[in-house]
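# heads up, no residue letters with this:
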């Protein structure tokens with residue numbers, strides 16, 4: 001059991017790496033969330049996607065939009081083609 005002798009020195013390193021990985025994942029998700037337009041910006045860029053019944057997908061034209069919840073707030077995606085459309 002040679003490795004058991006080194007665990008007290010390795011534990012802080014492992015915890016530090018795990019914290020860095022979690023921070024990286026949160027940052028990546030935040031960057032993806034902020035890269036999407038808001039609903040108002042989405043309608044400014046794609047005015048044809050604003051309908052009397054709601055929102056249409058700019059890629060495929062489908063009206064089937066669903067809300068995907070994230071830590072940073074909801075993201076709205078097209079159920080038909082999977083395109084991420086806008087954020088709230």
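Ah, there it is. A quick note: this is a predicted structure, and the numbers were derived from the prediction, not measured.

# could you give the mean pLDDT of the longest helix belonging to the chain?
Criterion DSSP state H: the longest helix present in the chain is helix 7-35. Taken as a whole, helix 7-35 has a mean pLDDT of 89.

# following that helix, which helix or strand comes up?
helix 39-45 (DSSP states H and E).

# packing partners of that next one?
strand 84-87 (3 or more C-beta pairs under 8 Å, 6 or more residues apart in numbering; DSSP states H and E). No exception for glycine: its C-beta is placed from N, CA and C like everyone else's.

# buried set for the strand it packs on?
Of all the residues in strand 84-87, those buried under the rule 16 or more other C-beta atoms under 10 Å are 85, 86, 87.

# burial count for residue 69?
Applying other C-beta atoms under 10 Å, we find 8 residues neighbouring residue 69.

# now it. Nearest residue, chain neighbours left out?
residue 75 (8.0 Å; C-beta to C-beta, 6 or more residues apart in numbering).

# my guess is that neighbour meets residue 66, correct?
No. Counting by C-beta atoms under 8 Å, residue 75 stays clear of residue 66, with 9.7 Å between them.

# beta partners for residue 51?
residue 54 (DSSP bridges).

# per-residue pLDDT, it?
So residue 51 comes in at 92 (pLDDT).

# now it: how far from residue 67?
Separation of residue 51 from residue 67 (C-beta to C-beta, to the nearest Å) stands at 18 Å.

# could you do residue 41 as well?
With C-beta to C-beta as the criterion, residue 41 and residue 67 are 17 Å apart.

# between these two, who's got more neighbours?
Shown here are residue 41 and residue 67; by other C-beta under 10 Å, residue 41 has more neighbours (12 against 9).

# OK, contacts around that one?
When contacts are counted by C-beta atoms under 8 Å, 6 or more residues apart in numbering, residue 41 touches residue 86.
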